[in-house]
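In: predicted model and sequence follow; I will ask about them next.
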Amino acid sequence: MRIVLLGPPGAGKGTLAKLLQETMEVTHISTGDILREEMNHQTPLGKKIKRFVESGELVSDTVVTKIIENRLSSKKNSDRGYLFDGFPRTETQARDLDKILTKIQKPIDLVVYMESTLPVVLQRLTGRRVCKECGALFHMVNKLPQRPGICDLCGGALYQRPDDHEETIKTRMEVYLKNIQPIIDYYAAQGKLKKIDANRNAETVKDELMKIFDAKSKLGHAQP
Ligand code: AMP
């Protein structure tokens, strides 16, 4: 299946994508992760986008769409399903994604709109810590690591993303609210949008989604 995860920063898209990957044959494509990797390796692209990512503004549509196009051209990826996390973030990106997927005859099956309220996302984002080595997610209240500052999975150092500070979170929310409605309208018009209450914990959200996927597969709507 090709699935888009939509929702505000802190709705739990990344956490959910990691959980879904454990049970489904899907490749998780997170534009945020890809951009941060470019920044960590200080590539020319990484240097160009740094100020946008760290201030919570969007990187240009052209740059992110090119990244997606490159990822989707890999044979290994196209044989599996996809889980798009953090892309599309503008209506232009949504339209471009459809154009790319139409070319490879693998259209989007489902768009999951993860609704979450501001106090919940603020609490999640300000407490979030990420492993520098493997990207595993922790939380200073909801999911403490066994040893402070150390990843339970690989022993890597945990850090707070620069854009997870309160002021930048506000910018990210404003950017999100400015862009989301046309994307929702676009997918709703295609009959692909499914809303889900993402204020609940990730396992509950995942279980509900698995039921939706099962029902969709049984109806034969999902293409291989
Ligand atoms: P995320 O990890 O999804 O929260 O993304 C972190 C940051 O990366 C965002 O605040 C943007 O600066 C940038 N970014 C990620 N995905 C996109 C996208 N689809 N379009 C533009 N900028 C993006």
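Out: Okay, I see it. Numbering: from 1, shown residues only.

In: near the ligand, which residues of this structure?
Out: Near the ligand, the residues belonging to the chain are 9, 31-32, 35, 52-53, 56-59, 64, 86-87, 89, 93, 163, 172 when assessed by C-beta under 6 Å from any ligand atom. For glycine as for every other residue, the C-beta is placed from the backbone atoms N, C-alpha and C.

In: drop anything exposed from those residues.
Out: 9, 31-32, 35, 53, 56, 58-59, 64, 86-87, 89, 93, 163, 172 (16 or more other C-beta atoms under 10 Å).

In: and stretch 156-163, how far out from the chain's middle?
Out: 18 Å (C-alpha atoms, centre = their mean, to the nearest Å).

In: measure it end to end?
Out: End-to-end distance of stretch 156-163 (C-alpha to C-alpha, to the nearest Å): 20 Å.

In: that one - what's its average pLDDT?
Out: For stretch 156-163, mean pLDDT rounds to 94.

In: residues contacting it, please?
Out: 36, 53-56, 128-134, 136, 138, 145, 149-151, 168-169, 172 (C-beta atoms under 8 Å, 6 or more residues apart in numbering).

In: quick one, domains of this structure?
Out: For the chain, automatic domain parsing gives the domain ranges 2-116+165-219, 118-160.

In: quick one, grab the pLDDT at whatever residue of the chain ends up closest to the ligand.
Out: When C-beta to the nearest ligand atom is the measure, the chain has its nearest residue to the ligand at Gly32, with 2.0 Å between them. As predicted, Gly32 sits at a pLDDT of 95.

In: okay, now the unreliable bits of the chain?
Out: Applying pLDDT under 70 to the chain flags residues 75-79, 219-224.

In: for the strand or helix carrying Glu54, buried residues please.
Out: Under the criterion of DSSP states H and E, Glu54 resides in helix 44-55. Within helix 44-55, the residues that count as buried by 16+ other C-beta under 10 Å are 45-46, 49-50, 53.

In: quick one: the helices in the chain, in order.
Out: Using DSSP state H, the helices of the chain run over 13-23, 31-40, 44-55, 61-72, 75-78, 91-103, 118-126, 166-189, 202-218.

In: thinking again about what came up before, let me know whether the residue of the chain closest to the ligand touches Ile67 as I believe.
Out: No - between Gly32 and Ile67 there is no contact under C-beta atoms under 8 Å: 10.9 Å.

In: give me the number of residues near Leu158?
Out: Applying other C-beta atoms under 10 Å, we find 21 other residues in the vicinity of Leu158.

In: how many neighbours does the nearest residue to it once chain neighbours are set aside have?
Out: In space, and not counting its chain neighbours, Leu158 is closest to Arg129: 4.2 Å by C-beta to C-beta, 6 or more residues apart in numbering. Number of residues near Arg129 (other C-beta under 10 Å) recorded here: 21.

In: Arg129 bridge partners, please.
Out: Beta-bridge pairing for Arg129 (DSSP bridges): Phe138.

In: surely it touches Gly135?
Out: No - look at Arg129 against Gly135 with C-beta under 8 Å: they stay out of range, at 11.4 Å.
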